[in-house]
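Engineer: Sequence first, predicted model second:
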Amino acid sequence: MGLFSFIKKNLLKVIEWQDDSKDLIVYRYDVPERYEIMTSSKLVVRESQCAVFISKGQIADIFGPGTYSLKTENIPFLSKILALPYGGEMPITADVYFVNTKQFTGQKWGTQNPIMMRDADFGSIRLRGYGVYSFKVDKPDIFMKEMFGTNQYYKTEDVAAQCKPMVIQSITDAIAESKISALDLAANYREFSDTVLKCSEAEFSKYGLKLCSIVMENLSLPEEVEKMLDERTKMGIMEDKMGTFTQFQAAQAIRDAAQNEGGGNLAGLGVGLGAGTSIGNMFAANLTTQNTPKQAPVQNEAKAPATAVVATTVTPTVKCVNCGADIKPNAKFCPECGSKQSKVCSECGAVLKTNAKFCSECGNKVE
């Protein structure tokens, strides 16, 4: 090895990372031509950074923000990787990774497939939503072991592929735990977001990450459910204004009839107005009935007389055996003369009809 190469290889260095990117999470410090780092070199770690030293394939130490002089006196791990027979002057053969520990904001999430939800008002429904979230590296050693390995660069887009499913999973868990109805979700976005953060802690910590915030920009119901809500809202608005609404409709009908050519047919206009008013009154009556609490039926209550026309049935009659008055066929005595109407067979004692000539049981002739 030439003298120039030897001197160049063993120069003291300032090890630092001036990060001007927005999406770079990990940067491996580049040592040109594998130059070794001499002891007494300076290590500069800025705010929202940490430096990870890798020696012989293992994490040797992690440095937080500050300026360090690489000596065995203040860097404990150096005593393990330096050869003591050389008096601590041997160059350091280690890889240095800078990890960005700031929050990475503006990461988008969205439901690719709807989330099933059991709601007290609508039963089982499907929810769709989207928004943004932010995360950061919370434990650099776990993050390196589980995710970025020995890559020279690692960006937010590499983490997003894993983070998005975990965010959706946390939202699904939060929906089940919060038990907030679909109609109240919009009014409880902040509380719901706090529940999502709690649900995400265990899953994100497996990768050395932390979900810092999540924003619900929108949680929407299926289109058919939204139409039902719109109809319910209209009904609620018109409930106590049906009379005014009917008058408004009648006024519009008069205006439209006056503007139409040949609209002088007042008789037809009167029929139209009458029909519109009847329909409006019937609609209002139905709304009132639906909003009136139902009462239990009263036993033995006299029924109101029916207004419908009922066809009368003619009851057949027979003649009294004594006076000839019209009486019911099964009457035992005449209501006019009091005569007994039934006959008894003198042979077998069977009860016979008043007009019977022979007994239906024994055939004896009736006197």
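Structural biologist: Thanks, I have it.

Engineer: Apart from its chain neighbours, what residue comes closest to R126?
Structural biologist: P114 (3.6 Å; CB to CB, 6 or more residues apart in numbering). C-betas here are computed from N, CA, C, even on glycine.

Engineer: what about the one you found, neighbour count?
Structural biologist: 14 (other CB atoms under 10 Å).

Engineer: Break the chain into its domains for me.
Structural biologist: 3-100, 104-224, 318-367 (automatic domain parsing).

Engineer: ok, now which ones touch the residue nearest to R126?
Structural biologist: R126, L127, R128, P222 (CB atoms under 8 Å, 6 or more residues apart in numbering).

Engineer: Pretty sure the second one sits in a helix.
Structural biologist: When you say that, I think you mean L127. No - applying DSSP: H, G, I helix; E, B strand; the rest coil, one finds L127 to be strand, outside a helix.

Engineer: check contacts around it.
Structural biologist: Here L127 is in contact with T111, P114, I115, M116, M117, I175, A182, L219, S220, L221 (CB under 8 Å, 6+ apart).

Engineer: what's across from the fourth one in the sheet?
Structural biologist: Assessed by DSSP bridges, M116 has beta-bridge partners R126.

Engineer: Quick check: it touching R128?
Structural biologist: No - in this structure, M116 is not within contact of R128 by CB atoms under 8 Å, at 11.3 Å.

Engineer: And the two? Which one has more around it.
Structural biologist: A direct count of neighbours by other CB under 10 Å for M116 and R128 places R128 higher, at 15 against 12.

Engineer: any idea how far the residue nearest to R126 lies from A174?
Structural biologist: Here P114 is placed at a distance of 16 Å from A174 (CB to CB, to the nearest Å).

Engineer: mean confidence score for stretch 68-80?
Structural biologist: For stretch 68-80, mean pLDDT rounds to 61.

Engineer: just to revisit the earlier point, which one of the contacts of P114 is nearest to K13?
Structural biologist: R128 (53.1 Å; CB to CB).

Engineer: Would you confirm that that closest one contacts I115?
Structural biologist: Yes - here R128 lies in contact with I115, judged by CB under 8 Å, at a distance of 7.5 Å.

Engineer: intersection of neighbour lists for those two?
Structural biologist: Joint contacts of R128 and I115 (CB under 8 Å, 6+ apart) do not exist.

Engineer: List only those of the contacts of L127 flagged as buried.
Structural biologist: T111, I115, M117, I175, A182, L219, S220, L221 (16 or more other CB atoms under 10 Å).

Engineer: For the first one, which non-adjacent residue is spatially closest?
Structural biologist: On the basis of CB to CB, 6+ apart, the spatially nearest residue to T111 that is not a chain neighbour turns out to be R128, at 4.9 Å.

Engineer: For M117, see how far away that neighbour is.
Structural biologist: 11 Å.

Engineer: For A202, give its distance to K22.
Structural biologist: Distance from A202 to K22, by CB to CB: 29 Å.

Engineer: quick one: which of the two has more around it?
Structural biologist: Ranked by neighbour count (other CB under 10 Å), A202 and K22 place K22 first, with 12 against 9.

Engineer: In contact with the more buried one, which residues?
Structural biologist: K22 neighbours (CB under 8 Å, 6+ apart): none.

Engineer: before we move on, what about the one 3 residues further on?
Structural biologist: Contact partners of I25, counting by CB under 8 Å, 6+ apart, are V99, N100, F104, V137, F148, Y154, K155, T156, D158, V159.

Engineer: Can you name the residues bridging to I59?
Structural biologist: I54.

Engineer: Now do it against Q107, distance only.
Structural biologist: 27 Å.

Engineer: Looking at those two, which is more packed in?
Structural biologist: Q107 (21 against 15).

Engineer: If the more buried one is in a bridge, with which residues?
Structural biologist: Y133.

Engineer: Which pLDDT value belongs to it?
Structural biologist: For Q107, the predicted pLDDT is 92.

Engineer: So which residues of this structure form helices?
Structural biologist: Assigned by DSSP state H, the helices in the chain fall at 3-9, 78-81, 140-143, 156-178, 189-205, 223-238, 242-259, 266-290.

Engineer: Remind me what the fourth one packs against, helices and strands.
Structural biologist: Okay, so that is helix 156-178. If you count contacts as 3 or more CB pairs under 8 Å, 6 or more residues apart in numbering; DSSP states H and E, helix 156-178 packs onto strand 24-28, strand 104-110, strand 115-119, strand 123-137, helix 189-205, strand 209-220.

Engineer: Mind giving me the packing neighbours of the longest one?
Structural biologist: Looking back up the chat, that one is helix 189-205. Using 3+ CB pairs under 8 Å, 6+ apart: helix 189-205 touches helix 156-178, strand 209-220.

Engineer: Redo the ones you listed as TSV? Include distance to K343.
Structural biologist: Formatted as TSV, the helices and strands packed on helix 189-205 follow (distance: least, CB to CB, whole Å):
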stretch	distance to K343
helix 156-178	85
strand 209-220	87
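
Engineer: Am I right that V99 is in contact with Q49?
Structural biologist: Yes - using CB under 8 Å, V99 is in contact with Q49, at 6.9 Å.
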